[in-house]
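1. Provided below for reference: sequence and predicted model.
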Amino acid sequence: MPTEAARVRASGSPVYVIAGFLGSGKTTLLKRALAHELARGEKPAVLMNEFGEVDVDGAVLYEHPRSSDIELQSLLSGCICCDLSGAFTEKVGHLLKKTQGAPLFVETTGLADTGQVVAGVEQVLAQHAGMAWLASVIVMVDAPRFLTLGAYWPAADEHLKQADTVVLNKLDQIDARQAALAERRVRSANPAARLVRAVHADVPIDRLLARSAERRTATIVSSAIKDSTAGYQSGSFRILRPFEPDRLERWLKRYQRSVVRMKGYARVQGRQGMQDVQWVMGSLSIGPYHGAKQSQAKIVVIGRRVPWQRFLEGLEHCLVPPERGTAPRRRAGKKVSR
């Protein structure tokens with residue numbers, strides 16, 4: 001029997017949040033996504049958040065020959081995260097009634113706090129249960145300016161942590177060395193996110209949205225990877241579904257040369273309550289957890305030269321699938337914390 005989460009995904013509207021710094025290409029990507037959905041026969045909806053009093057970006061969307069099939073609402077002179085009880089809630093409700101299962105795109109202002117926006121969107125969607133689900137958070141990055149953004153956007157890494165997909169845009173304006181440096185910084189801030197390279201926000205939209213929807217159901221929530229001594233790194237992760245112990249052991253053994261230690265507490269298939277999970281020098285041990293009562297599973301992974309993205313993607317496959325376990329609950333707060 002399908003879970004409630006699966007039923008919503010089959011009939012409700014997927015909601016995509018497109019965030020990023022000013023001038024990073026958010027509206028260009030949105031236009032491409034809308035053209036893709038219109039070509040599929042959908043009638044997508046858009047909520048655009050403008051910091052000023054004039055809806056410049058919204059006017060740009062009307063350039064499409066089928067713009068009359070786009071349901072557009074704008075939130076001007078403010079930020080989504082500052083207006084959860086007023087116009088934002090009202091506009092989202094209006095758009096969801098109009099879409100009837102078609103995608104809803106939310107483009108944030110470039111000055112928004114992406115973490116607060118994501119929390120706000122999830123809060124509002126909870127009020128419209130069964131009508132929509134948060135499919136993905138896509139963060140656009142202006143590659144030429146990214147490495148010098150500190151003076152303009154001190155919390156750049158915090159924004160990246162919210163992403164399911166990061167689009168590293170405008171790569172035609174930098175050389176290969178700079179592009180590699182920008183990519184390393186993105187992966188350091190959010191090793192679990194999918195990284196897509198782009199010029200003029202030209203990405204394979206069908207794959208981007210499909211993969212994004214898949215990743216939003218991910219149930220490993222990561223912090224930034226931290227450097228330690230002697231070249232080692234560590235990362236802490238929240239685990240939102242039970243592990244399958246055999247799969248977990250096989251996966252860890254594939255990385256026993258790079259992952260030297262994993263420790264924490266998690267739920268494990270076939271066992272009651274939280275379990276103490278320990279991986280040391282190629283050996284996995286699982287037993288009852290006797291520490292302070294914990295409602296959410298957490299693990300710490302320590303290693304050297306760990307290919308974090310591949311490792312975490314594989315770790316996802318070590319979890320009990322929703323249809324065989326309990327459907328993951330939607331998070332109400334920030335996706336990642338340092």
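-> Cool, the structure landed. All values reported here derive from a predicted model rather than from experimental measurement.
2. just the buried positions in stretch 125-135, please.
-> Buried residues in stretch 125-135, counted by 16 or more other CB atoms under 10 Å: Leu125, His128, Met131, Ala132, Trp133, Leu134, Ala135. Glycine gets a C-beta too; all of them are placed from N, C-alpha and C.
3. to the chain's geometric centre, what's the distance from that stretch?
-> Distance of stretch 125-135 from its chain centroid, counting by CA atoms, centre = their mean, to the nearest Å, is 16 Å.
4. now do the same end-to-end measure for that stretch.
-> 11 Å (CA to CA, to the nearest Å).
5. then Arg238 would be within a helix, right?
-> No: counting by DSSP: H, G, I helix; E, B strand; the rest coil, Arg238 falls outside a helix, being strand.
6. tell me what it is bridged to.
-> Val221, Lys298 (DSSP bridges).
7. wait, what's in contact with it?
-> By CB atoms under 8 Å, 6 or more residues apart in numbering, the contact set of Arg238 is Ile220, Val221, Gln296, Ala297, Lys298.
8. mind listing the strands for this protein?
-> 13-20, 45-49, 71-75, 104-107, 132-142, 165-169, 194-197, 220-222, 226-227, 232-239, 259-267, 274-280, 283-288, 297-304 (DSSP state E).
9. Glu37: which of the ones you listed is closest?
-> Of all the strands of the chain, it is strand 104-107 that lies closest to Glu37, at 8.6 Å by CB to CB.
10. so how far is the closest one from its chain's centroid?
-> Distance, centroid of strand 104-107 to centroid of chain: 14 Å (CA atoms, centre = their mean).
11. contacts for it next, please.
-> 13-19, 26-27, 30, 33-34, 44-49, 57, 80, 92, 95-96, 117, 121, 132.
12. what about 6 Å?
-> Ser13, Val15, Tyr16, Val17, Ile18, Lys26, Leu30, Ala45, Val46, Leu47, Met48, Leu95 (CB atoms under 6 Å, 6 or more residues apart in numbering).
13. does Gln275 touch Ile286 like I think?
-> Yes: if you go by CB atoms under 6 Å, Gln275 and Ile286 touch, sitting 5.2 Å apart.
14. got any residues that touch both of these two?
-> Joint contacts of Gln275 and Ile286 (CB under 6 Å, 6+ apart) are Val268.
15. mean confidence for stretch 241-259?
-> Per-residue pLDDT values over stretch 241-259 give a mean of 92.
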